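Novice: Test case, fold it:
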Amino acid sequence: MDEEILFQESLNFIKVNLDATFDAVPVHLRDFWMINENVKLDDPSTTKQGSIFMYALISYKKSQKKMEFRLKPEELFELFNDWQLVLSLAEINEKTDIKVKPIKLFHFDDLGSEIEKGVNGILSLS
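Specialist: Numbering: from 1, shown residues only. Predicted structure coming up:
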């Protein structure tokens, strides 16, 4: 599918699904949002995935009535990495016998703690 179509479909999905858990996102969109291992992550804002992430982050902050927010570049990069990790957990959940409790993909204030709960839940089942 054409990248521009996927990009627009991504924005449309995020706009109306800010509370979506990773299992509610169409697989083709999740695949598009995941960084390819060949991409250098020095500056995620130079990628389509980075643009989608920024749109989702700003949309989420707007929904929380946080019209202004500040993040240091390293905090933004860490948040982007957390988002990528949630996408990876979705793939593990879908493609393996390891089941992960679905995480809200666009609730950026909670991503870190939700990832920790998800991973601890997996480890406690082992």
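Novice: how about the residue nearest to residue 107 when sequence neighbours are not counted, what does it touch?
Specialist: Distances taken as Cβ to Cβ, 6 or more residues apart in numbering put residue 60 closest to residue 107, at 6.7 Å, once the chain neighbours are dropped. C-beta coordinates here come from the backbone N, C-alpha and C atoms, glycine included. Applying Cβ atoms under 8 Å, 6 or more residues apart in numbering to residue 60 gives the contacts 18, 106-109.
Novice: Keeping just the C-alphas, turn the least confident helix or strand in the chain by mean pLDDT into PDB.
Specialist: Least confident helix or strand of the chain, by mean pLDDT, DSSP states H and E, is helix 111-125 with a mean of 79. The C-alpha atoms that make up helix 111-125 are tabulated as PDB, following Å, rounded to 0.1, in the frame of the first residue of the first chain:
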ATOM      1  CA  LEU A 111       3.200   4.200  28.700                       C
ATOM      2  CA  GLY A 112       6.200   3.500  30.800                       C
ATOM      3  CA  SER A 113       4.300   2.100  33.800                       C
ATOM      4  CA  GLU A 114       2.000   0.100  31.500                       C
ATOM      5  CA  ILE A 115       4.900  -1.500  29.800                       C
ATOM      6  CA  GLU A 116       6.400  -2.400  33.100                       C
ATOM      7  CA  LYS A 117       3.100  -4.000  34.200                       C
ATOM      8  CA  GLY A 118       2.800  -5.800  30.900                       C
ATOM      9  CA  VAL A 119       6.300  -7.200  31.100                       C
ATOM     10  CA  ASN A 120       6.000  -8.100  34.800                       C
ATOM     11  CA  GLY A 121       2.700  -9.900  33.900                       C
ATOM     12  CA  ILE A 122       4.500 -12.000  31.300                       C
ATOM     13  CA  LEU A 123       7.400 -12.800  33.600                       C
ATOM     14  CA  SER A 124       5.000 -13.800  36.400                       C
ATOM     15  CA  LEU A 125       3.400 -16.400  34.100                       C
END
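Novice: Spatially central, which residue of this protein would that be?
Specialist: residue 83 (3.5 Å; Cα atoms, centre = their mean).
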